[in-house]
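A.B. asks: how would this look folded up:
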Amino acid sequence: MTRLKTSLLAARELGPTALFHYTVYRLGLASGWIRRRTPGTEWSRVPLESWLRPGVPSDPQGYAAYRARPARPRFFFDGQSEGLPRGPAGAAPPDLLTEADELLTGSFRLFGGAPVPLGRPPDWHAFPSPLHGTPPFDAKVHWTRVPLNAPAADARLLWEVSRFGWVFVLARAYRWTGDTKYAEACWELIESWRRANPPNHGVHWASGQEVSLRILALTFAGHAFFPAWSEYLRRVAELAQMVAVHAARIPPTLEYARAQANNHLLSEGAGLLTAGLMYPEFLESADWRRQGRAALEEGYASQVFDDGGYIQHSANYHRMALSLGTWAARLAEINGEPLSRRAHEALGRLSRGLAAQADPSTGQIACFGPDDASHVLPFTSTDSRDVRPAVAAGARLFLKESWYPAGAWDETSIWLGLGGGAGGEPPQPASLPQAGLHFLRGRHIHATLRCARFRRRPGHSDQLHIDLWWGSEPVAFDPGSYLYNGPLPWRNSLANGAVHNASLVNGQEPMRAAGPFLWVDRAQGTITGRFQEKGVQAIRAEHDGYQRLGVTTVRSLALVDQAAWLVVDEARGAAARRLTVGWNLPDCEWTWGGDTLRLALAQGELLIEWKGPQAVGGLVRAGHWIGGEQTGDTIAGGIETWGWRSPRYSSLAPCLRLVIEARSQGPLTLASRMVLGDAWTQAMDSLWTDPEALQRKFAAAAGER
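C.D. replies: Numbers count the residues shown, from 1 in each chain. Presented below is the predicted three-dimensional model:
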């Protein structure tokens, strides 16, 4: 597409409201107004007294006494008492102390992964690995001059450590053990960051969202470490000064957050509300409180679907939206300024929607949409992909329900001062239709089909993608995100349809990328059938991403006798020449058999078989063909990104990618089945041997309705 056409399509996708807010933001940058509102300076030139209302003492001793007065704002727990806020009894979680001790040696668990040695203190302006290159961000320039879109320079790699997630780890370790070494290590890191990042200079001031997330961490630190830090009155004053400077950075760029209409607006609302509520002695705290509340109310009114899905079509950002809302709503509630009933209802729906996607026994959730591993409330030592801590806290606060048995995931609720709730089971609906998530659940296996009609721009080209699970382990999965802005071919390339468990027609993408997070010519999906009978659950969907070719793609998914999945892909239309279907599979031992593939998984053997006109299959690992025939020779983007998955943001691991292709003139049908061991029985044969059997069942079910 030409640049002009791309711009016009992008403008159409964004819509007039987002374009208006973005235009206001760009005008603010171009005119210098935003820069004047956020002047680059030194910490010494914005002293605490410049932020305080008349009559509030600014000297360290006087200010510390003022902050300790009985009429102080309420936090989630009493920071001036020792030990945990309340419960749980017993020894500190070993995993927590291991991670806290790693921090003492300068190792950080980036994005929830293994510890990475960065130093104590780290270089706040260096990428965590030489593999990521050297960031082109000058720490001395005003943040408006930071080239966030510089090629192959992913600022998210720098922002992870500067989100101050380590505050929560060290604070928990300190409150569990009473050992002041954790409190001292935390202050050393805060002071180091402060020295390296003067106000409004460099990449760490370039995003209002990143600034806001630090406000949450700094506020938490001020309460969690109070017993240890109370002897150092200067720390209380410097912490307050940092919160004030951070909060003042947010309002001038709220138009950008409104233009995004996503988690940015929620983050910045939570940051402003927190600063305004917890520091009422600041001159601007009333405005911050008002602006933060308005952003949160606006965000939760417009970003949460009726079915509990989240507007970004991302499990990662769904949890982030719920966590931010739980923090903000709880803090507002205990200070007598609760969020509206409408916001609480939206957050209750978010709680239900996230629970619906999770395995109740592990809390694991399929990777879905953009995933930068944002985990803004790391209050537990559970795996970072376990969403039960966020879901349990949300259910208790917004629904007054408790869905899980007691466990480590309850620590989040405890820190927030939440408990109780009526017992019950986490919701497991058949679909979240607005979110575009549709479930087939068995006793030991389950599946998710993605089929959405997008209200806002999608993050990934993943229409009709399928996730398959055997027990609590995925056997066919989304590849993740890896890097939003990496060196080619890794510039958000795992968002493409060609690397999902979906189909492509004639080697073309169903949607067109117009930027790192923007797709034009949306492929809109429709559920066209669903039935359940003895031994079979099935769903059928289609999308219109190939209308330009005169082709409609249809996918039918069936869960058969708790032991197999059957998938039938169709390209309906005379222009179809090739139908290509890909599957991301675990990296394991495999055996090729012409039109079959056998995988030796931990749970047992998985047999995959396929058939269709002139059907051929090939196997890719880490961008190289390793089995079968080479197919898809003209697929968009080639095969460099095939056979890779990103288990966590910034990490890349090989996987197997099975690529199956059928060729013919006109309509095409390609069938695949995945069978656990030798579980395919004679009763299943008609579904496999008769190409129309499944469609007749859909038709019969439609007739019954």
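
A.B. asks: okay, now residue 427: neighbour count?
C.D. replies: Residue 427: 17 surrounding residues under other Cβ atoms under 10 Å. C-beta here means a position set from N, CA and C on the backbone, and glycine is covered the same way.

A.B. asks: And the helices in the stretch 301-450 of the chain, which stretches?
C.D. replies: Defined through DSSP state H, counting those that start in this stretch, the helices belonging to the stretch 301-450 of the chain, from first to last, are 315-334, 341-357, 388-394, 411-415.

A.B. asks: For the third one, which outside residues touch it?
C.D. replies: Right, helix 388-394. The contact list for helix 388-394, computed with Cβ atoms under 8 Å, 6 or more residues apart in numbering, reads 319, 322-323, 325-326, 347-348, 350-351, 354-355, 358, 363, 377, 379-380, 382, 402-404, 407, 409-413, 416, 418, 426.

A.B. asks: hang on, the earlier thing: buried deepest among the helices of the stretch 301-450 of the chain, which one?
C.D. replies: When neighbours are counted by mean count of other Cβ atoms under 10 Å, the highest per-stretch mean among those falls to helix 388-394, a mean of 29.

A.B. asks: mean confidence score for stretch 278-291?
C.D. replies: Here the mean pLDDT over stretch 278-291 is 98, rounded to a whole number.

A.B. asks: actually stretch 691-705, sorry about that
C.D. replies: For stretch 691-705, mean pLDDT rounds to 83.

A.B. asks: swap in stretch 362-377?
C.D. replies: When pLDDT is averaged along stretch 362-377, the result is 92.

A.B. asks: got the CA coordinates for that stretch in CSV?
C.D. replies: Presented in CSV, the C-alpha positions along stretch 362-377 are these (Å, rounded to 0.1, in the frame of the first residue of the first chain):
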residue,chain,number,x,y,z
THR,A,362,-3.3,-23.7,38.1
GLY,A,363,-4.4,-20.2,37.2
GLN,A,364,-2.6,-20.6,33.9
ILE,A,365,-4.1,-18.8,31.0
ALA,A,366,-3.5,-19.0,27.2
CYS,A,367,-1.3,-16.3,25.8
PHE,A,368,-3.7,-14.1,23.8
GLY,A,369,-3.0,-10.9,21.9
PRO,A,370,-0.2,-8.5,22.8
ASP,A,371,1.8,-9.7,25.8
ASP,A,372,4.6,-7.6,27.3
ALA,A,373,4.3,-9.5,30.7
SER,A,374,2.9,-6.5,32.5
HIS,A,375,2.4,-7.6,36.1
VAL,A,376,1.7,-4.4,38.0
LEU,A,377,0.8,-5.9,41.4
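
A.B. asks: can you give me the strands for the stretch 351-500 of the chain?
C.D. replies: For the stretch 351-500 of the chain, applying DSSP state E, counting those that start in this stretch gives strands covering 401-402, 422-423, 431-432, 437-441, 445-450, 466-470, 473-476.

A.B. asks: Include distance to residue 307 and mean neighbour count when you put those strands into JSON lines, please.
C.D. replies: Written out in JSON lines, the entries for the strands of the stretch 351-500 of the chain read as follows (distance: least, Cβ to Cβ, whole Å; neighbours: other Cβ atoms under 10 Å):
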{"stretch": "strand 401-402", "distance to residue 307": "18", "mean neighbour count": "20"}
{"stretch": "strand 422-423", "distance to residue 307": "22", "mean neighbour count": "10"}
{"stretch": "strand 431-432", "distance to residue 307": "4", "mean neighbour count": "22"}
{"stretch": "strand 437-441", "distance to residue 307": "9", "mean neighbour count": "20"}
{"stretch": "strand 445-450", "distance to residue 307": "14", "mean neighbour count": "24"}
{"stretch": "strand 466-470", "distance to residue 307": "18", "mean neighbour count": "22"}
{"stretch": "strand 473-476", "distance to residue 307": "23", "mean neighbour count": "20"}
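
A.B. asks: gap between the closest residue to residue 186 other than its chain neighbours and residue 187?
C.D. replies: Once its chain neighbours are removed from consideration, residue 186 has its nearest residue in residue 170; the separation is 4.3 Å (Cβ to Cβ, 6 or more residues apart in numbering). Here residue 170 is placed at a distance of 9 Å from residue 187 (Cβ to Cβ, to the nearest Å).

A.B. asks: Kindly report the same for residue 603.
C.D. replies: 47 Å.

A.B. asks: quick one, which of these two is more surrounded?
C.D. replies: When residue 603 and residue 187 are compared on other Cβ under 10 Å, the one with more neighbours turns out to be residue 187, at 18 against 14.

A.B. asks: Tell me which residues touch that one, please.
C.D. replies: Contacts of residue 187 by Cβ under 8 Å, 6+ apart are 225, 229, 232, 235.

A.B. asks: Pick out the most distant pair among those.
C.D. replies: Largest separation among these by Cβ to Cβ: 225 and 232, giving 9.9 Å.

A.B. asks: quick one: which of the two has more around it?
C.D. replies: For residue 225 and residue 232, the more surrounded residue by other Cβ under 10 Å is residue 225, and the numbers stand at 26 against 16.

A.B. asks: The more buried one and residue 171 touch, don't they?
C.D. replies: Yes - taking contacts as Cβ atoms under 8 Å, residue 225 lies within contact range of residue 171: 6.3 Å.

A.B. asks: okay, the contacts of residue 187 in JSON lines with secondary structure, distance to residue 562 and pLDDT next?
C.D. replies: Compiled in JSON lines, the contacts of residue 187 are given as follows (DSSP: H, G, I helix; E, B strand; the rest coil; distance: Cβ to Cβ, whole Å; pLDDT from 0 to 100):
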{"residue": "225", "secondary structure": "coil", "distance to residue 562": "52", "pLDDT": "92"}
{"residue": "229", "secondary structure": "helix", "distance to residue 562": "56", "pLDDT": "88"}
{"residue": "232", "secondary structure": "coil", "distance to residue 562": "61", "pLDDT": "88"}
{"residue": "235", "secondary structure": "helix", "distance to residue 562": "59", "pLDDT": "95"}
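
A.B. asks: Go through those and name the one nearest residue 26.
C.D. replies: Using Cβ to Cβ, the shortest approach to residue 26 within the contacts of residue 187 belongs to residue 235, at 39.3 Å.

A.B. asks: Give me the distance between the closest one and residue 194.
C.D. replies: Separation of residue 235 from residue 194 (Cβ to Cβ) stands at 11 Å.

A.B. asks: Looking only at neighbour counts, state which of those two leads.
C.D. replies: Comparing residue 235 with residue 194 by neighbour count (other Cβ under 10 Å), the higher total belongs to residue 235, at 22 against 16.

A.B. asks: ok, now which ones touch the more buried one?
C.D. replies: 187, 229.

A.B. asks: again, only using 10 Å
C.D. replies: Residue 235 sits next to 60, 64, 183, 187, 190-191, 221-222, 225-226, 228-229 when contact means Cβ atoms under 10 Å, 6 or more residues apart in numbering.

A.B. asks: Next one: it relative to residue 247, how far apart?
C.D. replies: Counting by Cβ to Cβ, the gap from residue 235 to residue 247 is 19 Å.

A.B. asks: With residue 327 instead?
C.D. replies: Residue 327 sits at a distance of 15 Å from residue 247 (criterion: Cβ to Cβ).

A.B. asks: before we move on, what about residue 616?
C.D. replies: Residue 616 sits 60 Å away from residue 247 when distances are taken as Cβ to Cβ.

A.B. asks: These two - which one has more neighbours?
C.D. replies: Comparing residue 616 with residue 247 by other Cβ under 10 Å, the one with more neighbours is residue 247, at 28 against 18.

A.B. asks: Just give the closest residue to that one, not the sequence neighbours.
C.D. replies: Looking at residue 247 with Cβ to Cβ, 6+ apart, the closest residue is residue 275, at 3.8 Å.
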